[in-house]
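Visitor: sharing a sequence plus its predicted fold:
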Amino acid sequence: MQKVVDTTIPRPEHPRPDFQRNDWVNLNGVWNFDFDDDDIGEKESWFLGHDYKKQITVPFCYQSELSGINDQSYHKVVWYQREFTVPAEFKGKRILLHFGAVDYIAKVWLDGKYLGSHKGGYLPFKFDITHYVKADGKTIHSITVRVEDSRSCTQPRGKQNWKDKPFGCWYTPVTGIWQTVWLEAVGMTYVDRVRITPNLDKRTVSFESYLNQVPEDGKLEFTISFKGQLVNKVVTSINERWVKLTVDLLTTEKVDAVHYWWPSNPNLYDVDIVLYEKDSIVDKVATYFGKIGRASCRERV
């Protein structure tokens, strides 16, 4: 059954359409928020409790109107906090807490316990919180995030301005959470990431899959389809965390050609990846890929 999108949440769509699972919870929306210009939050243990003076709409930075704050002044340290529950249907699964991007240095606590940190404003990161939460739909948990964003020109900043006002081609800076935050339920053994590489000349596609651990008597199943028609289905055994597999795209009479991607004709192949352990399904991921080919180049001419 497809998950119903709650349009009352900002950016309600799944943040990873190229790596999507059905069991996930969007944590965007209203969070408690405060500036920490004196950088006293850690010393005073704000992660254990704090009387927040503001609220912010995640995933919009405090400098933007959509955040509900729209403050253009510089604040080196900011704090976020919100409560959540874990759905009961997540019980027995591994629970991951994802951050799409936080600019620039993030420290994260869960119910006052330090989970870890991440440095870099443009990449996603996650924490395994399985042993910190109860998946009962009732127990209230609390996430606290401290973010530090320097004006140093040695910090990668793209086109973000480091002065009081934008100048030249430098724009208003971004501080804090600026991409979706979400919970995701996966198997105790799961597919951590997949790299997909189409081969134009051989009419094949290669999958490099990375697992969090080696499953016992494990198998990976790849089902490729195009517009609802089966292209190929392949199953391979697993002996290590890294699995590479090449699949032929011309093995069925139903799909009699390789369909290329181009802006005027954006063909995509759908892929369902299923991970088995002892013949039981422990993880499912939906993804897709496209092939930009020479036929598309001729179309452009």
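Guide: Perfect, I can see it now.
Visitor: can you tell me, leaving aside adjacent residues, what's nearest to D128?
Guide: When the adjacent residues along the chain are set aside, D128 lies closest to L96, with 5.9 Å between them (CB to CB, 6 or more residues apart in numbering). Backbone N, C-alpha and C define where each C-beta goes, glycine included.
Visitor: neighbouring strands - and their directions - for whatever helix or strand the one you found lives in?
Guide: Element membership for L96, per DSSP states H and E: strand 94-99. Taking DSSP bridges as the criterion, strand 94-99 forms sheet pairs with strand 125-128 (antiparallel), strand 181-186 (antiparallel).
Visitor: quick one: residues contacting the closest residue in space to I56 that isn't next to it in sequence.
Guide: Excluding the flanking residues, the one nearest I56 by CB to CB, 6+ apart is F33, at 3.8 Å. Going by CB atoms under 8 Å, 6 or more residues apart in numbering, F33 touches Y52, K54, Q55, I56, Y62, I69, V78, W79, Y80, Q81.
Visitor: just the buried members of these?
Guide: For those, a neighbour count by 16 or more other CB atoms under 10 Å gives the buried set as K54, I56, Y62, I69, V78, W79, Y80, Q81.
Visitor: confidence score at the fourth one?
Guide: It refers to I69. In this model, I69 is scored at 96, pLDDT.
Visitor: nearest spatial neighbour of it, skipping sequence neighbours?
Guide: Y62 (4.4 Å).
Visitor: now do the domain split for this protein, please.
Guide: As given by automatic domain parsing, the domain ranges for the chain are 24-186, 191-300.
Visitor: in the stretch 1-150 of the chain, which spans are strands?
Guide: Along the stretch 1-150 of the chain, counting by DSSP state E, counting those that start in this stretch, strands occupy 24-26, 29-35, 54-58, 77-84, 94-99, 102-103, 105-110, 113-119, 125-128, 141-148.
Visitor: for the chain, give me the ranges with low pLDDT.
Guide: 1-7, 251-256, 293-301 (pLDDT under 70).
Visitor: please, where are all the helices along it?
Guide: For the chain, the helices defined by DSSP state H cover 294-300.
Visitor: check contacts around H50.
Guide: H50 touches D34, G41, E44, W79, Q81, counting by CB under 8 Å, 6+ apart.
Visitor: may I see those arranged in CSV, with distance to P266 as well?
Guide: Formatted as CSV, the contacts of H50 follow (distance: CB to CB, whole Å):
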residue, distance to P266
D34, 44
G41, 46
E44, 52
W79, 42
Q81, 41
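Visitor: quick one: which two of the residues you listed are the most distant?
Guide: E44 and Q81 (13.7 Å; CB to CB).
Visitor: hmm, back to that, ranking the strands of the stretch 1-150 of the chain by mean neighbour count, which comes first?
Guide: With neighbours taken as mean count of other CB atoms under 10 Å, those reach their highest mean count in strand 102-103, at a mean of 27.
Visitor: elements contacting that one?
Guide: The contact analysis (3 or more CB pairs under 8 Å, 6 or more residues apart in numbering; DSSP states H and E) places strand 102-103 against strand 141-148, strand 176-177.
Visitor: so what strands line up beside the first one?
Guide: To tie it back to what came earlier, the one meant is strand 141-148. Note on strand 141-148: by DSSP bridges, its sheet partners are strand 77-84 (antiparallel), strand 105-110 (antiparallel).
Visitor: I'd like those laid out as a markdown table, including distance to K165.
Guide: Formatted as a markdown table, these follow (distance: least, CB to CB, whole Å):
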| stretch | distance to K165 |
| --- | --- |
| strand 77-84 | 20 |
| strand 105-110 | 24 |
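Visitor: looking at those strands, which is nearest to Q155?
Guide: Nearest to Q155, of all those, is strand 105-110, at 9.1 Å by CB to CB.
Visitor: the closest one: how far from the chain's middle?
Guide: Distance of strand 105-110 from the chain centroid (CA atoms, centre = their mean, to the nearest Å) equals 16 Å.
Visitor: got the contact list for it?
Guide: Residues outside strand 105-110 that contact it (CB under 8 Å, 6+ apart): 42, 47, 97, 99, 114-119, 125, 127, 129, 132-133, 141-149.
Visitor: repeat that for 10 Å
Guide: Here strand 105-110 makes contact (CB atoms under 10 Å, 6 or more residues apart in numbering) with 41-42, 45-48, 77, 79-81, 84, 97, 99, 102, 114-121, 125, 127, 129, 132-133, 141-150, 155, 176-177.
Visitor: format the strands paired with strand 94-99 as a markdown table; extra columns: distance to N161.
Guide: Output for the strands paired with strand 94-99, formatted as a markdown table (distance: least, CB to CB, whole Å):
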| stretch | distance to N161 |
| --- | --- |
| strand 125-128 | 25 |
| strand 181-186 | 26 |
